[in-house]
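Return atomic coordinates for the entry below.
(chains A and B)
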Amino acid sequence: AQKVTQAQTEISVVEKEDVTLDCVYETRDTTYYLFWYKQPPSGELVFLIRRNSFDEQNEISGRYSWNFQKSTSSFNFTITASQVVDSAVYFCALSETGTASKLTFGTGTRLQVTL
Amino acid sequence: KAGVTQTPRYLIKTRGQQVTLSCSPISGHRSVSWYQQTPGQGLQFLFEYFSETQRNKGNFPGRFSGRQFSNSRSEMNVSTLELGDSALYLCASSLEQGENYGYTFGSGTRLTVV
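All right, here's what the predicted structure looks like:
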């Protein structure tokens, strides 16, 4: 069975600090997709990134970067120079081949960025 | 381009009643998925509809059902409500079904069962 673990329940940082959100996954499939979503207080899940299991290249998008390591089954997310607007709950998710619509989510990490 | 629209945003129902939630996907999207979010269980997949057919189903009792109309709008129904059904229900839509397409979520319907 697939599983996603986000061990960090809550992280508090001061603005401009860098912060890394950890995500560890379990799956028996060789083909799978990993996702990160952001959930602000409004409740909507905002898509951040999708990565397939064959693409281990790290990705950078502005202040966001992602580190995918199949060897450790991890897909970590780093925010550089955090801002107050980054405050939200961040979810890591996994989907397997054949059930692509069925995302298995981690429990989420609440990030609080203060001035 | 309008996003995924869920109605109503908030709902209060009494135990034993039934409820219907609505989701209008992004125009052109044919896949609609539903998720339940609770503090205890987190985000859990309910079911997915594609071209009016249920394609995937999560591990929820039969009290939870859904359907999709020819215009891709979807409804989910919960019968004989229990206190534990209080949750944020999120709908997501995708252009097609499959791994190559991303899912856009709506803001959800917050259901409170009293």
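
Low-confidence regions, the chain specifically.
Defaulting to chain A. Chain A contains residues with pLDDT under 70 at A:97-100.

ah, I was thinking of chain B
Residues of chain B that meet the cut-off, pLDDT under 70, sit at B:1, B:97-101.

what about the strands in it?
Applying DSSP state E to chain B gives strands spanning B:5-7, B:10-13, B:19-24, B:31-38, B:42-50, B:53-57, B:64-68, B:74-78, B:87-94, B:104-105, B:109-113.

Pipe the ones you listed into a markdown table and attach mean neighbour count and distance to A:Tyr32 per row.
Glycine gets a C-beta too; all of them are placed from N, C-alpha and C. Converted to a markdown table, the strands of chain B look like this (neighbours: other C-beta atoms under 10 Å in any protein chain shown; distance: least, C-beta to C-beta, whole Å):
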| stretch | mean neighbour count | distance to A:Tyr32 |
| --- | --- | --- |
| strand B:5-7 | 17 | 28 |
| strand B:10-13 | 13 | 35 |
| strand B:19-24 | 19 | 26 |
| strand B:31-38 | 24 | 17 |
| strand B:42-50 | 22 | 15 |
| strand B:53-57 | 14 | 15 |
| strand B:64-68 | 19 | 25 |
| strand B:74-78 | 21 | 26 |
| strand B:87-94 | 24 | 17 |
| strand B:104-105 | 20 | 20 |
| strand B:109-113 | 18 | 29 |
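
now the ones you listed in TSV, with distance to A:Leu45?
What follows is the strands of chain B, written out as TSV (distance: least, C-beta to C-beta, whole Å):
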stretch	distance to A:Leu45
strand B:5-7	12
strand B:10-13	18
strand B:19-24	13
strand B:31-38	8
strand B:42-50	8
strand B:53-57	18
strand B:64-68	19
strand B:74-78	17
strand B:87-94	6
strand B:104-105	4
strand B:109-113	14
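
Serialize those strands to CSV and add fields for distance to chain A.
Putting the strands of chain B into CSV (distance: least, C-beta to the nearest C-beta, whole Å) gives the following:
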stretch, distance to chain A
strand B:5-7, 9
strand B:10-13, 11
strand B:19-24, 13
strand B:31-38, 5
strand B:42-50, 4
strand B:53-57, 5
strand B:64-68, 13
strand B:74-78, 12
strand B:87-94, 6
strand B:104-105, 4
strand B:109-113, 7
